[in-house]
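Everything below, folded, please.
(one chain, ligands or ions: 1)
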Amino acid sequence: MLWSGWGDPAKASELPEPVRRLLRDLLGVRAPSVPAASLESVRLPEAALTPAVLDALAEVVGAEHVLTGHEARVRHTRGKSTPDLLRMRAGDGCDAPDAVVLPASHEEVAELLRLCSRERVAVVPFGGGTSVVGGLAAERAGFPGVVALDLGRLDRLRSVDAESMVAEFEPGVRAPDAERLLAAHGLTLGHFPQSFEYATLGGFAAARSSGQASAGYGRFDDMVVGLTVATPAGTLELGRAPKSAAGPDLRQLVLGSEGVFGVITSLRLRVRRAPVGWVYEGWRFASFERGSAAMRALAQNGPLPAVLRLSDETETMVGLAKPDAIGSGGSGCLLIAGYERAPTAEPEGVPVTEPEGVPVTAPGQAASGKAASGEAVSGKAGARKAASGEAGFEGATGVPSGFGGFSGDDRRIAASAVLARFGGEPLGAEPGRAWERGRFSAPYLRDSLLAAGATVETLETAGFWATLPRLYDAVRLALLGALGSPLVMCHVSHVYETGASLYFTVVTPQEDDPVAQWERAKAAANAAIVAAGGTITHHHGVGRDHRGAYAAELGPVGVAILEAVKARLDPAGIMNPGVLLSRPEG
Ligand SMILES: Cc1cc2nc3c(=O)[nH]c(=O)nc-3n(C[C@H](O)[C@H](O)[C@H](O)COP(=O)(O)OP(=O)(O)OC[C@H]3O[C@@H](n4cnc5c(N)ncnc54)[C@H](O)[C@@H]3O)c2cc1C
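Modelled structure (predicted):
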């Protein structure tokens with residue numbers, strides 16, 4: 001991972017000429033006058049941990065797993081939001097930890113938390129480091145030091161229960177590795193966020209992530225059936241049955257807790273049989289409104305494609321849904337629908353301890369060539385069912401909405417009938433293929449845009465269907481008002497029976513202080529979200545950036561509940577201080 005950008009440097013690409021032209025002619029973007037800092041020149045705070053504390057940390061994990069060098073500290077400074085990258089490019093490493101510690105077991109994590117509580121050393125759990133909300137920048141004041149707890153050595157698939165369709169993982173497993181390990185059993189998690197290449201399972205749970213196939217597989221928090229959490233006060237074991245009436249579900253307290261109560265050291269996740277392949281298609285709608293109405297019909301009456309994404313007019317025009325063909329988007333609103341081809345045959349049961357290495361199965365590729373199973377419904381019957389509205393209200397089955405009722409091609413045919421009924425014009429497989437090719441490449445494009453002098457950043461929210469148009473207008477207007485004449489694009493890619501999320505991408509020429517410029521725009525967008533009745537975040541999380549708005553959403557009683565839980569589990573207040581909750585005064 002690039003320390004001041006995204007991903008594999010080998011995948012970095014030059015900006016295509018149409019994009020350069022668009023930036024220059026439409027937005028007036030000019031190259032920045034100051035070159036980006038080198039890794040060596042990043043300014044870090046003086047390392048503050050005493051030799052005695054460093055020795056004690058080394059006693060728990062081994063001296064080779066306590067890193068205090070410049071590069072390790074730089075690489076664990078903040079996450080990957082655009083302000084994070086801009087600060088790193090400016091050589092500002094003031095949020096760096098004093099040391100990076102890499103435990104290899106739950107017991108080591110628990111021991112480290114006891115030690116850090118005793119010494120009052122702040123602890124930042126560090127998964128893939130892809131937070132975009134300031135979730136990895138601890139507030140240092142009042143602590144003798146800060147440790148980044150890198151979970152990268154907790155990287156095993158511990159077991160697969162093929163009967164219950166539950167797999168147990170350690171938290172540091174990255175998403176592609178999780179898919180590779182499950183593919184050996186004919187299984188998939190189906191969680192494909194844009195940060196797929198680097199983010200970890202623990203980070204997904206801690207930040208309530210949602211992936212590109214959420215319509216079919218659900219959000220990540222829907223997948224979590226059990227958790228083990230090491231807290232400074234002891235261990236929490238949660239989830240002994242899929243559902244329970246035994247009081248409030250404490251799993252929900254850990255999901256989205258962003259490391260402020262403790263460290264997730266094990267996750268038991270619902271898995272699915274891997275499809276033999278995927279089919280993606282493009283549709284054009286005359287307006288965002290018509291396309292949204294079609295999405296709502298699919299979400300409320302079924303059948304849902306596994307991937308469902310609608311770009312607004314601006315995003316369609318720019319062609320952002322097809323990053324390898326920017327500038328060639330066309331008119332109207334592009335909708336991408338993705339469907340699994342039938343699942344593989346029965347998964348092989350196990351318990352596994354040491355999974356065999358198998359070739360990586362990238363999303364979008366067949367996991368195995370095994371025979372399809374599942375009840376066949378003829379294509380015509382499927383279309384008839386959809387058209388007549390008897391397509392199956394999938395939420396009512398208790399099965400996540402992408403499943404049940406339809407299988408394989410029948411789902412595609414039936415969903416297509418709904419899209420056509422709402423005025424969608426079929427564009428065939430090409431737009432879908434282009435989206436699939438570029439689905440993880442936007443973060444690479446962001447690096448090139450930053451280097452060219454454009455700020456590009458995203459923000460997201462969610463609301464009920466009835467409030468969505470107002471929310472959309474309010475956020476757009478706020479961004480336009482704050483930034484002059486930026487490019488503001490939006491898409492919907494997570495839908496529910498009752499509402500959906502809105503995901504905005506903003507491109508604007510960098511001012512002299514681009515961080516302050518974005519903070520101004522973000523504050524305006526946040527205020528608009530709150531005023532229009534949306535949530536401050538649908539899937540990026542709270543971190544430090546959304547803390548104030550989150551407190552307003554919860555209200556004083558809600559905040560008091562979380563503060564009480566934190567005080568009980570983390571009495572020294574060492575866990576990710578300043579993230580999610582403001583620190584107590586005094
Ligand atoms: C380019 C880009 C695209 C993105 N696309 C998406 C997207 O499509 N969908 C989406 O949901 N998000 C997306 N994100 C946001 C980010 O990837 C998610 O929030 C993800 O869940 C973070 O996982 P991570 O492993 O990188 O966690 P980190 O960034 O390392 O940590 C996130 C937070 O969780 C805490 N944490 C991490 N691991 C643990 C643990 N084991 N126990 C307790 N606390 C822990 C950290 O302290 C931090 O507060 C994107 C980010 C980027 C940069």
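
Which helix or strand contains whichever residue of the stretch 101-250 of the chain sits closest to the ligand?
Nearest residue of the stretch 101-250 of the chain to the ligand (CB to the nearest ligand atom) works out as residue 203 at 2.1 Å. Every C-beta, even on glycine, is put in place using the N, C-alpha and C of the backbone. Under the criterion of DSSP states H and E, residue 203 resides in helix 201-207.

Only the buried residues of that helix, if you could.
201-207 (16 or more other CB atoms under 10 Å).

Tell me the predicted confidence for the residue of the stretch 101-250 of the chain closest to the ligand.
With respect to pLDDT, residue 203 has a value of 98.

The stretch 1-150 of the chain: helices as residue ranges?
Using DSSP state H, counting those that start in this stretch, the helices found in the stretch 1-150 of the chain span residues 17-21, 51-61, 70-75, 82-89, 106-119.

Including mean neighbour count, could those helices go into a markdown table?
Output for the helices of the stretch 1-150 of the chain, formatted as a markdown table (neighbours: other CB atoms under 10 Å):
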| stretch | mean neighbour count |
| --- | --- |
| helix 17-21 | 14 |
| helix 51-61 | 16 |
| helix 70-75 | 18 |
| helix 82-89 | 22 |
| helix 106-119 | 20 |
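
if you average pLDDT over each of those, which comes out lowest?
For those, mean pLDDT drops lowest on helix 17-21, to a mean of 79.

In terms of secondary structure, what does it contact?
Judged by 3 or more CB pairs under 8 Å, 6 or more residues apart in numbering; DSSP states H and E, helix 17-21 is in contact with no other helix or strand.

Alpha carbons of that helix, in PDB - could you do that?
Output in PDB follows, covering the C-alpha atoms of helix 17-21 (Å, rounded to 0.1, in the frame of the first residue of the first chain):
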ATOM      1  CA  GLU A  17      -6.400  12.900 -21.800                       C
ATOM      2  CA  PRO A  18     -10.200  13.400 -21.800                       C
ATOM      3  CA  VAL A  19     -10.000  13.700 -18.000                       C
ATOM      4  CA  ARG A  20      -7.200  16.200 -18.100                       C
ATOM      5  CA  ARG A  21      -9.200  18.200 -20.600                       C
END
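
from the middle of its chain, how far away would it be?
29 Å (CA atoms, centre = their mean, to the nearest Å).

these two touch, right, residue 192 and residue 212?
Yes - using CB atoms under 8 Å, residue 192 is in contact with residue 212, at 4.7 Å.

can you list residues touching both of those two?
Common contacts of residue 192 and residue 212 (CB atoms under 8 Å, 6 or more residues apart in numbering): residue 439.

Just give the number of residues close to residue 36.
Residue neighbour count, defined by other CB atoms under 10 Å, stands at 16 for residue 36.

show me what contacts it?
Counted by CB under 8 Å, 6+ apart, residue 36 has contacts 4, 89-90, 451.

Against residue 448, how distant is it?
12 Å (CB to CB, to the nearest Å).

one step back: can you tell me which of the buried residues of helix 201-207 lies closest to residue 226?
Checking these against residue 226 with CB to CB, the nearest one is residue 205 at 10.7 Å.

I'd say the closest one and residue 221 touch.
Yes - counting by CB under 8 Å, residue 221 is a contact partner of residue 205 at 7.1 Å.

Nearest to the ligand: which residue in the stretch 301-450 of the chain?
residue 443 (3.5 Å).

Mind listing residues that contact the lengthiest helix in the chain?
Longest among the helix segments of the chain by residue count, using DSSP state H, is helix 547-569. By CB under 8 Å, 6+ apart, the surrounding residues in contact with helix 547-569 are 231-233, 253, 260-262, 526, 529-530, 535-537, 542, 573, 575, 578-582, 584.

which of the residues you listed count as buried?
231-233, 253, 260-262, 526, 529-530, 535-537, 542, 573, 575, 578-581.

Give the residue spans of the stretch 101-250 of the chain that score low on pLDDT.
For the stretch 101-250 of the chain, no stretch has pLDDT under 70.

Quick check on residue 258: phi, psi?
Main-chain dihedrals, residue 258, degrees, to the nearest 10: phi 50, psi 40.

Identify the residues contacting it.
Contacts of residue 258 by CB under 8 Å, 6+ apart are 135, 206-207, 541-543, 576, 579-580.

Adding distance to the ligand, write those out as TSV.
Formatted as TSV, the contacts of residue 258 follow (distance: CB to the nearest ligand atom, whole Å):
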residue	distance to the ligand
135	3
206	3
207	4
541	5
542	9
543	6
576	5
579	5
580	8
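
now, which of those residues lie within strands?
In strands, defined here by DSSP state E, there are no members of the contacts of residue 258.

Could you chop this structure up by domain?
45-153, 157-273, 278-346+364-437 (automatic domain parsing).
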